[in-house]
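Asks: quick check, what structure comes out for this input:
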Amino acid sequence: MTQHPPLAADTVATNEAPTGSAVLKSRLVTGAPIYYGWVIVVAAIIARVMTSPGQTYAVSIYIERFIEELGISRSLVSTLYTIGTMAAALSLPFVGRQLDKRGPRVMVGIVTALFALAVCYMSTIQNAVMLGIGFVLLRTLGQGALGMVSGNVVNMWWVRRRGAILGIAGVVSSIVGNGLFPSWAHALIGRFTWRVSYLILGGILAVVMLPIGLIFFRRKPEDYGLQPDGMSSAKEAKGAQTGFVEENWTRSEALRTPAFWVMSAGMSSVAMLSTGLQFHMVSIFSDSGLSAAAAAAVYIPISAVHAVTMLAGGMLIDRVPVRYLLFVALLGQAAALVMAPQLAGRSSALIYGAVLGMTGGLMNMVQQVVWANYFGRQHLGSIMGVASLVTIAGSALGPMPMGIARDLLGSYTTALTVSAVLPLALGVAALFTRRPVRKSVIRSRGTPPR
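Replies: Predicted structure coming up:
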């Protein structure tokens with residue numbers, strides 16, 4: 001009998017096949033030579049990479065073109081981008097509800113088609129109003145909706161090894177997306193023009209991602225008579241003995257738990273403060289007597305440590321409570337805030353980058369896993385929608401307070417040092433926040449949920 005790793009203390013398994021619904025027939029799913037969840041992982045990785053035109057690392061390649069050709073200021077572009085990000089955040093609860101109602105296959109088709117049109121629309125912008133509309137569309141459909149759908153579908157097909165699988169997927173998509181996509185976009189702009197490059201990217205979404213999503217995305221394994229992680233019902237009942245039945249909470253039930261808000265607040269604070277630090281990276285380094293080149297170089301340890309931490313965090317999150325990893329991430333965020341205005345040279349800058357990379361990697365891992373682990377898969381889209389609203393809204397608000405503080409106080413030191421109190425306080429709160437459990441749930445065996 002194949003042995004499977006034990007569930008993490010914050011994770012629950014499903015031991016029962018769905019009741020009251022007919023098993024769906026699909027030769028693609030049931031006829032696959034391997035567990036179909038692996039196909040889902042590959043398709044989801046492609047989807048994550050395809051969110052790139054809506055991600056900050058890709059949009060940043062076009063900023064100078066917008067400023068020069070449209071004749072608008074950098075501050076106006078930044079404001080429009082903040083508005084677009086906030087609009088994306090506000091749309092995510094609706095997207096999440098539709099994801100639960102219609103399933104990932106339908107939603108990936110709708111979202112990808114609209115996203116492809118939005119990317120093509122970017123080639124037509126002529127003024128600030130059109131650019132603002134474009135930012136709203138890119139952030140809502142790419143960074144928001146397509147990112148949520150790709151994360152949701154993996155959570156549906158994996159339970160025991162959810163963390164490890166999402167860690168591997170995160171590393172691959174991060175390397176291809178964050179690492180390679182900006183250079184590729186820059187090459188497209190150089191060979192053609194920035195407008196033509198957007199048409200090319202929109203076309204790739206239409207001819208590559210759209211068919212992949214429609215063909216390979218599926219709602220959940222139980223719909224096809226399968227079990228998460230490739231387990232059969234017999235093995236689940238006889239050999240796994242996880243001792244837990246998956247608890248599926250509704251969105252309203254989840255929102256009434258302290259765990260939801262403590263976890264959301266912790267992730268939102270990291271999104272806000274990390275975005276602020278990276279947005280003002282050059283200015284922070286300049287205040288410490290370091291060059292713009294040094295600021296650019298710090299992204300190397302950020303990216304490298306981020307990837308390694310995601311992989312390690314994915315392995316750990318299947319074995320230790322999620323709240324412990326969140327605590328470490330928040331502690332790292334506080335340390336980065338204190339370190340930022342005290343940088344004394346390239347060595348300290350590289351250490352600072354490593355801390356930021358560790359924080360981002362752990363936080364990325366936590367936010368992909370925690371909601372399915374805590375509240376089950378049945379209403380996952382709706383719950384993720386609200387959680388993503390809080391997180392993305394935090395990231396949109398990050399740069400502004402730090403910039404204002406710098407203008408008023410003449411340095412970042414006071415603002416960053418005082419800001420470190422927030423992640424520290426939320427880290428302590430997270431450390432004492434256990435996974436919510438209904439009193440009616442009877443556990444057959446195993447340790448109490450943590």
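Asks: assign the spatially most central residue of the chain to helix, strand or coil.
Replies: For the chain, the residue sitting closest to the mean C-alpha position, by CA atoms, centre = their mean, is N364 at 5.6 Å. For N364, the reduced secondary structure class is helix; criterion used: DSSP: H, G, I helix; E, B strand; the rest coil.
Asks: ditto for L226
Replies: The assignment at L226 comes out as coil when based on three-state DSSP.
Asks: contact partners for the closest residue to it other than its chain neighbours?
Replies: Closest residue to L226 apart from its sequence neighbours, by CB to CB, 6 or more residues apart in numbering: Y36 at 7.0 Å. From N, CA and C alone the C-beta is placed, and that goes for glycine too. For Y36, the residues meeting the contact criterion (CB atoms under 8 Å, 6 or more residues apart in numbering) are L28, V29, T30, W157, R218, P221, Y224, L226.
Asks: could you pull up the residues touching the fourth one?
Replies: With contact taken as CB under 8 Å, 6+ apart, W157 is in contact with Y36, G37, I40, V41, R218, K220, P221, P228.
Asks: go with 6 Å
Replies: Taking CB atoms under 6 Å, 6 or more residues apart in numbering as the definition of contact, the neighbours of W157 are G37, I40, P221.
Asks: what's near enough to touch the first one?
Replies: Under the criterion of CB under 6 Å, 6+ apart, the contact list for G37 reads W157, W158.
Asks: including pLDDT, could the contacts of W157 go into a markdown table?
Replies: A markdown table is the format used below for these (pLDDT from 0 to 100):
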| residue | pLDDT |
| --- | --- |
| G37 | 93 |
| I40 | 95 |
| P221 | 91 |
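Asks: from these, which single one is nearest M339?
Replies: I40 (39.4 Å; CB to CB).
Asks: buried residues in the helix or strand harbouring the closest one?
Replies: I40 is part of helix 36-50, with elements assigned from DSSP states H and E. The neighbour-count check on helix 36-50 (16 or more other CB atoms under 10 Å) flags 36-37, 39-41, 43-50 as buried.
Asks: stretch 67-76 now?
Replies: Neighbour count says stretch 67-76 has L70 buried, by 16+ other CB under 10 Å.
Asks: which residues touch A354?
Replies: Taking CB under 6 Å, 6+ apart, we find A354 in contact with P301, V305.
Asks: that older thread, which outside residues touch the helix or strand that the helix holding I40 is followed by?
Replies: Moving toward the C-terminus from helix 36-50, the first helix or strand encountered (DSSP H and E) is helix 56-59. Taking CB under 6 Å, 6+ apart as the criterion, the residues outside helix 56-59 that touch it are S52, N178, F181, P182, A185.
Asks: okay, now the fourth one: neighbour count?
Replies: When you say that, I think you mean P182. Neighbourhood size, P182 [other CB atoms under 10 Å]: 17.
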